[in-house]
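Visitor: need a 3D model of the sequence below.
(one chain, ligands or ions: 1)
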Amino acid sequence: MSIARLYHIGKTFLNYGLDELLPQHLQPWYAKYLRKCLFWLPNKHQDKSEGARLRLALQALGPVWVKFGQMLSTRRDLLPHDMAQELAQLQDNVASFDGEKAQRLIELALELEHISDLFEHFEQQPLASASIAQVHTAQLQTEQGLKDVVVKVIRPDIEKQILADLSLMEQFAKVLAGLVSESRRLRPVEVVREYRKTLLDELDLMREGANAIQLRRNFEGSEALYIPEVYSDYSRQNVLVMERIYGIPVSDTQTLEAQGTDMKLLAERGVEVFFTQVFRDSFFHADMHPGNIFVSYEHPENPQYIGIDCGIVGTLNREDKRYLAENFIAFFNRDYRQVAQLHVDSGWVPADTCVEEFEFAIRTVCEPIFNKPLAEISFGHVLVNLFNTARRFNMEVQPQLVLLQKTLLYVEGLGRQLYPQLDLWQTAKPFLEHWVQEQVGPLAVAKKLYQNLPFWAEKMPELPDLVYQSLKRQHHQVPAPQSAISKQTIQSVLLGMAASTFAIIAGLCFIAELNGASLSSALFACLLFICAWRKTG
Ligand SMILES: Nc1ncnc2c1ncn2[C@@H]1O[C@H](COP(=O)(O)OP(=O)(O)OP(=O)(O)O)[C@@H](O)[C@H]1O
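Guide: Residues are numbered from 1 along each chain as shown. Reported below is the predicted structural model:
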């Protein structure tokens with residue numbers, strides 16, 4: 001750890017008066033004493049608000065801290081609203097690095113003698129430059145002809161810098177948590193650890209490439225979302241080559257309106273794409289800030305999103321998805337008992353939680369939200385409130401849910417910016433209800449049968465053998481008078497098995513939309529079940 005860097009960080013903190021963010025009565029005496037000793041580092045920005053001072057300090061400390069501030073701005077569950085708003089203004093204003101250097105890095109990574117061995121034309125002047133990577137345009141000869149591509153390359157030596165700053169950040173977080181017990185509520189160590197993981201993931205472009213390929217596959221042929229093609233043969237840990245897209249930045253509402261984009265449809269599609277990613281695919285783009293979303297120039301009446309930068313993605317398991325969907329539905333039905341019960345059932349809060357008390361707490365926090373018209377309610381804020389309440393009842397922090405809530409806030413903000421009257425609940429409700437229905441309705445049963453089919457297909461040939469052996473055993477063991485009854489039982493078992501087979505066939509035909517075959521198989525299954533039942537009598 002560099003002493004000079006440590007001093008620089010401490011100086012910046014004090015010059016922006018960040019020590020004053022902690023109320024005096026919470027500061028231990030030795031911290032106050034130390035502050036007095038450092039008299040030559042006064043707060044030079046007393047005229048500014050706390051949020052503005054924090055924003056400026058992070059900006060002064062460089063990209064790793066700026067990105068940290070950007071991440072914090074999305075943690076509305078941890079920060080006061082005005083501070084989060086301030087931090088949301090943080091933009092990475094980084095100078096680009098030398099284009100020739102970028103070219104050399106690409107040549108080295110792709111083992112090229114010269115960049116022209118692979119690319120027809122490589123533009124040394126970067127198209128964009130961000131804190132971690134820089135993007136250059138080029139043309140690539142592919143099987144489909146000459147294609148416009150972009151080459152993303154990680155800044156040289158950035159990893160060392162990031163690791164050094166991250167370890168300093170971790171030390172600060174530990175000191176803060178140790179010195180001021182009140183600050184533990186903000187879980188500084190945990191927040192920094194989460195940030196570390198996100199940042200280190202972003203340093204691996206192979207990972208980003210793989211995520212983009214998966215998302216592209218999930219939305220193949222979709223009218224709502226397009227993900228550019230990744231040329232994985234030319235992807236390395238620090239270099240990513242992908243199709244160049246031409247689109248209107250989603251924040252440029254003026255151009256979108258000028259070309260006659262159906263803004264309502266565009267806003268609704270944003271919500272639809274998000275819920276599809278979460279509930280259908282369990283794989284969602286979790287870095288949906290406006291710089292990563294474009295809208296195609298084509299078909300403004302049927303607008304299509306284009307998504308880039310798939311470095312951060314989230315996933316949810318089946319149970320999380322189901323409880324989440326049911327939570328939303330219960331919440332919008334104002335069924336707080338159900339919300340509380342779902343939190344217990346899902347294991348998000350301990351099993352011994354008093355459901356009545358929890359229900360009451362949720363009601364207290366959430367009922368005021370319904371003072372607004374339904375169309376104005378934010379799903380993201382509903383989740384923030386729910387999680388904050390649940391945390392008081394010892395809910396463990398679930399990183400996948402935090403990521404989801406953060407993305408939801410982005411999606412909502414974006415949707416309302418495009419079309420202020422966007423009714424999120426009306427857009428999402430049919431989707432959620434349909435999804436829940438699919439999980440518990442007859443289709444779900446049929447699907448489960450379908451999923452278990454390989455197991456039954458494997459076991460089926462063994463069944464006659466098993467029945468035969470069981471008959472043989474009975475024949476040897478059971479005394480004569482009872483064998484007549486056993487025969488009936490066996491017949492009933494066999495009929496039951498045949499009935500089950502036809503029920504499975506009916507389910508499969510239903511999935512394959514062969515309704516006639518499904519109905520007749522179902523009828524036949526019923527008939528066999530009745531026969532089996534009569535045999536038991
Ligand atoms: N496939 C593409 N086609 C056209 N432009 C692109 C493409 N990919 C990236 N860009 C441009 O490069 C910019 C930076 O790309 P990207 O967001 O992937 O980099 P980043 O380093 O992850 O930035 P940040 O972390 O700030 O989001 C984008 O905002 C966009 O302008």
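Visitor: from now on I want contacts and neighbour counts done on CA atoms only, so please keep to that.
Guide: Will do.
Visitor: quick one, longest helix in the chain?
Guide: Using DSSP state H to assign secondary structure, the helix with the most residues in the chain is helix 480-511.
Visitor: quick one: the closest residue to residue 195 other than its chain neighbours from the ligand, how far?
Guide: In space, residue 195 comes closest to residue 68 once its chain neighbours are excluded; the distance is 6.9 Å by CA to CA, 6 or more residues apart in numbering. Distance from residue 68 to the ligand, counting by CA to the nearest ligand atom, to the nearest Å: 11 Å.
Visitor: please identify the helix or strand for residue 68.
Guide: helix 63-73 (DSSP states H and E).
Visitor: next secondary structure element downstream of the helix or strand hosting residue 407?
Guide: Residue 407 belongs to helix 399-418 when elements are defined using DSSP H and E. For helix 399-418, the following helix or strand on the C-terminal side (DSSP H and E) is helix 424-440.
Visitor: for the stretch 51-200 of the chain, which segments count as helices?
Guide: 63-73, 81-87, 99-109, 158-179, 188-202 (DSSP state H, counting those that start in this stretch).
Visitor: give the contact list for residue 135.
Guide: Counting by CA atoms under 8 Å, 6 or more residues apart in numbering, residue 135 makes contact with 126-129, 150-153.
Visitor: whoops, I mixed them up, residue 431
Guide: With contacts defined as CA under 8 Å, 6+ apart, the neighbours of residue 431 are residue 275.
Visitor: report the separation between it and residue 275.
Guide: Between residue 431 and residue 275 the distance is 8 Å, computed by CA to CA, to the nearest Å.
Visitor: one more: residue 103?
Guide: Per CA to CA, residue 103 is found 40 Å from residue 275.
Visitor: cool, and residue 501?
Guide: Counting by CA to CA, the gap from residue 501 to residue 275 is 36 Å.
Visitor: what does residue 350 give?
Guide: Using CA to CA, residue 350 is found at 28 Å from residue 275.
Visitor: how far away is residue 150 from the ligand?
Guide: Residue 150 is 6 Å from the ligand, by CA to the nearest ligand atom.
Visitor: let's see the pLDDT reported for that residue.
Guide: With respect to pLDDT, residue 150 scores 97.
Visitor: next, count neighbours for it.
Guide: 23 (other CA atoms under 10 Å).
Visitor: who's in contact with it?
Guide: Applying CA under 8 Å, 6+ apart, one finds that residue 150 lies in contact with 135-138, 241-244.
Visitor: tell me the one of these nearest the ligand?
Guide: Nearest to the ligand out of these is residue 244 (CA to the nearest ligand atom; 3.6 Å).
Visitor: just to revisit the earlier point, single out the most deeply packed of the helices of the stretch 51-200 of the chain.
Guide: helix 63-73 (a mean of 21; mean count of other CA atoms under 10 Å).
Visitor: quick one: contacts for the closest residue in space to residue 206 that isn't next to it in sequence?
Guide: Sequence neighbours aside, residue 237 is the residue nearest to residue 206 in space, at 5.1 Å (criterion: CA to CA, 6+ apart). Residue 237 makes contact with 203-207 under the criterion CA under 8 Å, 6+ apart.
Visitor: wasn't residue 237 part of a strand?
Guide: No - counting by DSSP: H, G, I helix; E, B strand; the rest coil, residue 237 is not found in a strand; it is coil.
Visitor: check what pLDDT it gets.
Guide: 95.
Visitor: got the residues of the stretch 151-300 of the chain near the ligand?
Guide: 242-245, 291-292 (CA under 6 Å from any ligand atom).
Visitor: how far off centre is stretch 315-325?
Guide: Average the C-alpha atoms of stretch 315-325, do the same for its chain, and the two points are 11 Å apart (CA atoms, centre = their mean, to the nearest Å).
Visitor: for stretch 3-13, same thing?
Guide: On the basis of CA atoms, centre = their mean, stretch 3-13 sits 35 Å off its chain's mean C-alpha point.
Visitor: contacting residues around the residue nearest to residue 295 when sequence neighbours are not counted?
Guide: Of all residues not flanking residue 295 in the chain, residue 305 sits nearest, at 4.5 Å (CA to CA, 6+ apart). Contacts for residue 305 (CA under 8 Å, 6+ apart) come out as 224-226, 270, 293-296.
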